[in-house]
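1. Provided below for reference: sequence and predicted model.
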Amino acid sequence: QVQLVESGGGLVQAGGSLTLSCAASGSIFSINVMGWYRQAPGMQRELVAGITPGGSANYADSVKGRFTISRDNSKNAIYLQMNSLKPEDTAVYYCNGRFGTRWNSEYDYWGQGTQVTVSS
């Protein structure tokens, strides 16, 4: 089993910054893409940013230029630096990882989510 644990959410004023962290632990053979998703009340979960093991990143248009995803493979961890936060960034943020097994199969795991609230 694999566990993903997020931290770093909270309440911040518009224009402020927060950094989210996510660390994977457990029976890890390999990790492929990792990413951050978010879900606002009444909305579908959406991809915020993803990053490959080599460090290639992609972002949702709504966060480009404001958010930066990074990865530390030695710690099985990813981070999301969020700057210039807007009220519409308010959501529960989830960490996701695609984990490989020695039998060439892959499984997605999710963290429990961390609340980010941006006040206007």
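-> Alright, I've got the coordinates. Numbers count the residues shown, from 1 in each chain.
2. Which strand or helix spans the residue positioned nearest the centre of the chain?
-> The centroid of the chain falls nearest to Trp36 when counting by C-alpha atoms, centre = their mean (2.4 Å). Assigned by DSSP states H and E, Trp36 falls within strand 30-39.
3. Share the number of residues neighbouring the spatially closest residue to the residue nearest to the centre of the chain that is not a sequence neighbour, please.
-> Spatial nearest neighbour of Trp36, chain neighbours left out: Val48 (4.4 Å); criterion: C-beta to C-beta, 6 or more residues apart in numbering. C-beta here means a position set from N, CA and C on the backbone, and glycine is covered the same way. By other C-beta atoms under 10 Å, the residues close to Val48 number 22.
4. so Val48 touches Asp61, yeah?
-> No. Applying C-beta atoms under 8 Å, one finds Val48 not in contact with Asp61, separated by 10.8 Å.
5. pretty sure Phe67 contacts Met82?
-> Yes. The criterion here is C-beta under 8 Å, and Phe67 meets it with Met82 at 5.1 Å.
6. neighbour-wise, which of those two wins?
-> Met82 (25 against 22).
7. hey, what's that one bridged with?
-> Leu18, Phe67 (DSSP bridges).
8. what are the ranges of the helices in the chain?
-> Secondary structure of the chain by DSSP state H: no helices are present.
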